[in-house]
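Visitor: predicted structure and sequence below. I'll ask about it afterward.
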Amino acid sequence: MDYMVLYSSKTGNTKKIATEIFSALPGMSKDMQSIEEYKGKDADIYFIGFWVNRGTCEMSIIDAMSELHGKKIALFGTCGMGNSAEYYRSIEQKVNVWIPDDCEYLGIFLCQGKMPMQVRESYEIPMEDPRQEACRKRMLHNFDEALFHPNEEDLADAREFVGRMLEKEN
């Protein structure tokens with residue numbers, strides 16, 4: 001079986017997960033490439049990773065997925081906002097629609113990832129509306145929690161994800 005780990009990473013979070021997924025794949029018939037260096041190398045199973053921006057993935061990931069046909073595809077990603085199953089489901093729904101119908105979608109792994117400090121700086125400006133202020137405080141708390149991700153538990157979860165996806169293959 002040939003495996004391709006294809007990823008886009010803006011801050012290094014998704015690359016960290018991609019590296020963990022790559023190391024968990026069996027055998028020697030595997031490759032890992034960033035979306036920028038990917039030239040369409042063929043594989044049987046693709047693990048495609050992305051960083052979440054506004055609840056979805058970037059266009060380069062959509063383009064790469066759209067060009068795959070007759071493949072098995074597992075998705076993975078990192079996002080700064082949320083650490084909630086509901087939010088993760090909404091991301092999955094927005095991203096897996098780009099997988100062609102003749103491909104087999106295996107599943108998704110998402111975890112939180114740290115964000116650039118300028119994001120926190122934008123959250124630090126107090127709001128006059130009490131409802132917005134409560135939201136701002138939640139976003140600051142979430143930002144601070146995300147600083148510790150991906151962590152060892154996230155990496156272990158990524159390895160377990162690979163195992164579950166490969167079980168589906170057999």
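Guide: Sure, I can see it.

Visitor: buried sites along stretch 62-82?
Guide: Judged by neighbour count (16 or more other C-beta atoms under 10 Å), stretch 62-82 contains these buried residues: 62, 64-65, 68, 71-82. (Each C-beta comes from the backbone N, C-alpha and C, glycine too.)

Visitor: now do the same end-to-end measure for it.
Guide: The first and final residues of stretch 62-82 sit 22 Å from each other (C-alpha to C-alpha, to the nearest Å).

Visitor: now that stretch, how far from the centre of its chain.
Guide: 8 Å (C-alpha atoms, centre = their mean, to the nearest Å).

Visitor: can you give me the mean pLDDT across that stretch?
Guide: Averaged over stretch 62-82, pLDDT sits at 94.

Visitor: tell me the centre residue of the protein?
Guide: Gly77 (0.5 Å; C-alpha atoms, centre = their mean).

Visitor: filter the buried residues of stretch 62-82 down to the ones in strands?
Guide: Among these, DSSP state E puts Lys72, Ile73, Ala74, Leu75, Phe76, Gly77, Thr78, Cys79 in strands.

Visitor: nearest to Lys39 among the residues you listed?
Guide: Ile73 (18.2 Å; C-beta to C-beta).
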